[in-house]
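S.K.: could you work out the structure for the sequence below:
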Amino acid sequence: MNPQIIRDAAQRFIGQLDRLEHGEEGAAGALAALFADDARLSNPIIEREGGERVGREAIAAFWQAYRGNFSDIHSAFFDLTAGEQSAGLFWRSEGAGRDGQPLAYEGVTLLQFDEGGRITRFKGYFDPDQVRLKVTRH
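M.R.: Below you'll find the model as predicted:
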């Protein structure tokens, strides 16, 4: 695929994540709809649990749990690189946990796409000690 198509697909992901972080109703499902049926999602916290999330239903549940960890959260993306099948997103998230304690962490997310522009692989990289997230096992 053309890197511009990949860039556009990555921007759609960023837009849907923004909706989720603002607490919009149905945003977790809309975000999960950007993923292929058999997509895989992982990050350091999920990996600590010994696995990854596979399939849209598990990915929607992950995003719902992610949002539930914060009273307020906003991710700012400061760079986006795109290739033929993948994109790299560089970001910083700031907000407050459910306990009201402020938090800030940064990282990189790698996205791989199928020919239809759906995300097939989501891999997040960040220091899990910078953030206190709970993700439910599915």
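
S.K.: give the bridge partners for E94, please.
M.R.: H74, A104 (DSSP bridges).

S.K.: oops, could you answer that again for K123 instead?
M.R.: According to DSSP bridges, beta-bridge pairing links K123 with S42, L110.

S.K.: roughly how far does it sit from R40?
M.R.: 8 Å (Cβ to Cβ, to the nearest Å). From N, CA and C alone the C-beta is placed, and that goes for glycine too.

S.K.: please apply the same query to T81.
M.R.: 21 Å.

S.K.: and what of G29?
M.R.: Distance, G29 to R40, by Cβ to Cβ: 18 Å.

S.K.: between those two, who's got more neighbours?
M.R.: R40 (19 against 16; other Cβ atoms under 10 Å).

S.K.: from what I can see that one touches R121, true?
M.R.: Yes - R40 lies in contact with R121 (Cβ atoms under 8 Å); the separation is 5.3 Å.

S.K.: just checking, which helix or strand of the chain averages the lowest pLDDT?
M.R.: Across the helices and strands of the chain, mean confidence by mean pLDDT, DSSP states H and E is lowest for helix 44-48: a mean of 90.

S.K.: got the buried residues for it?
M.R.: 44-46 (16 or more other Cβ atoms under 10 Å).

S.K.: chain center to it: distance?
M.R.: Chain-centre distance of helix 44-48: 14 Å, with Cα atoms, centre = their mean, to the nearest Å.

S.K.: repeat for stretch 67-85
M.R.: The chain centroid and the centroid of stretch 67-85 are separated by 6 Å under Cα atoms, centre = their mean.

S.K.: show me where the protein has strands.
M.R.: 35-42, 53-54, 70-82, 86-97, 102-113, 119-126 (DSSP state E).

S.K.: need the winner for burial among these.
M.R.: Most buried of the strands of the chain, by mean neighbour count (mean count of other Cβ atoms under 10 Å): strand 53-54, with a mean of 20.
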